[in-house]
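Visitor: Here is a sequence together with a model predicted from it:
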Amino acid sequence: MADTNMIVVTTQDSGILARFLTNPAASHPRRDRATSTTQPAHQRRPNKSPALRVRRHATLASLPSSSAAAAAMVSAEAGIDYVLWTEAEVSARVGDVAAELAADLRALPEPAVVVGVATGAFLFLADLVRRVDVQLAVDFVRVESYGAGTVSSGKPRITADLKVDVAGKHVVVVEDIVDTGNTLSCLIAHLEKKGASSISVCTFLDKPARRKVSLQLVGDGKFYRGFECPDYFVVGYGLDYAELYRNLPYVGVLKPEMYKKDSSN
Ligand code: PRP
């Protein structure tokens, strides 16, 4: 999960590029794992039926057609079908959530510990805390549902733990998305065991339709969310497909052809 790849395409690589764009699993072994039926639900193909508020994005770059053009760096938004929330909408909503969170944290007797869940929460966390004008501590954890194999254990585990001691502290867990709720459920239990006095959750996206476990917050903990997300395959603003697209400043829906071969099981 921690690996980051910069794809620099040469003319000789154009065949590999074409294969990656039609089937990322061919060039990225992690796809096999990430697209299994037990992968996080937000990474599966979208339900085709729900009515959505969608807007076509007029300025999306199309994929390069000639091999000369394919020699260029692949655009960050190649493979995006349309934008669900623009950069401006994301920014405005993050501001709203930050204001709500700041008001609550200001009322606490001591600084809270804001815990980002790597990797997906990195942008939301950074934008959020810069707008919370209250003293706070920041830390990260990593939670994984997959081991070395290709099948989810169904039991997420903490693979990188906190540096900050949260005993007796008010903790705000920051996520990019809550889907089944398994990751957060595991993390909340972990933080509670460490003695956190309250545990809140602040998630950029929430997909309640996918929830499999109900989240039990601790103490006076609150649930904050940016947007309720429709059941589509969304990427950007921290959310990935095959570890890519996290750097998009907006939330987009991935073109089905980017993943349909992998998700046909
Ligand atoms: C994503 C996301 C949440 C989790 C939500 O993480 O960042 O942590 O899935 O899914 P759940 O509610 O079904 O547990 P992922 O494992 O994809 O890792 P990432 O943050 O590195 O993208």
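Guide: Looks like it arrived, so ask away.
Visitor: switch to C-alpha atoms for all contacts and neighbour counts from now on
Guide: Noted.
Visitor: which sections of the stretch 51-200 of the chain are below the confidence cut-off?
Guide: Scanning the stretch 51-200 of the chain for pLDDT under 70 picks out 51-73, 146-154.
Visitor: Please enumerate the strands of it.
Guide: Counting by DSSP state E, counting those that start in this stretch, the stretch 51-200 of the chain has strands at residues 80-85, 112-118, 136-144, 157-160, 170-178, 198-206.
Visitor: name the helices or strands packed onto the second one?
Guide: Here strand 112-118 is seen to pack against strand 136-144, strand 170-178 when contacts are counted using 3 or more C-alpha pairs under 8 Å, 6 or more residues apart in numbering; DSSP states H and E.
Visitor: And the strands of the stretch 51-200 of the chain: which comes nearest the ligand?
Guide: Closest to the ligand of the strands of the stretch 51-200 of the chain is strand 170-178 (C-alpha to the nearest ligand atom; 4.1 Å).
Visitor: angle of that closest one against strand 198-206?
Guide: 20 degrees (axes from the mean of the first three to the mean of the last three C-alpha atoms, to 10 degrees).
Visitor: got a list of what the closest residue in space to L217 that isn't next to it in sequence touches?
Guide: Once flanking residues are discounted, L217 sits nearest to I199: 5.7 Å by C-alpha to C-alpha, 6 or more residues apart in numbering. By C-alpha atoms under 8 Å, 6 or more residues apart in numbering, the residues touching I199 are 170-173, 188, 191-192, 217-222.
Visitor: Repeat that for A121.
Guide: By C-alpha under 8 Å, 6+ apart, the residues touching A121 are V174, E175, D176, G238.
Visitor: Based on its surroundings, how many neighbours for K212?
Guide: 11 (other C-alpha atoms under 10 Å).
Visitor: Pull the number of nearby residues for the closest residue to it other than its chain neighbours.
Guide: Closest residue to K212 apart from its sequence neighbours, by C-alpha to C-alpha, 6+ apart: T180 at 4.8 Å. Using other C-alpha under 10 Å, T180 has 21 neighbouring residues.
Visitor: D133 contacts A103, doesn't it?
Guide: No - if you go by C-alpha atoms under 8 Å, D133 and A103 don't touch, sitting 9.3 Å apart.
Visitor: how does the protein divide into domains?
Guide: Listed by automatic domain parsing, the domain ranges of the chain are 11-86+233-258, 87-228.
Visitor: when you compare where the longest helix seen in the chain runs with where strand 198-206 runs, what's the angle?
Guide: What stands out as the longest helix in the chain, according to DSSP state H, is helix 87-106. Put simply, helix 87-106 runs at 170 degrees to strand 198-206, going by the same axes, to 10 degrees.
Visitor: and Y259, what pLDDT?
Guide: pLDDT, Y259: 80.
Visitor: quick one: it and the ligand, what's the gap?
Guide: Y259 is 15 Å from the ligand, where distance means C-alpha to the nearest ligand atom, to the nearest Å.
Visitor: Okay then, goodbye and thanks.
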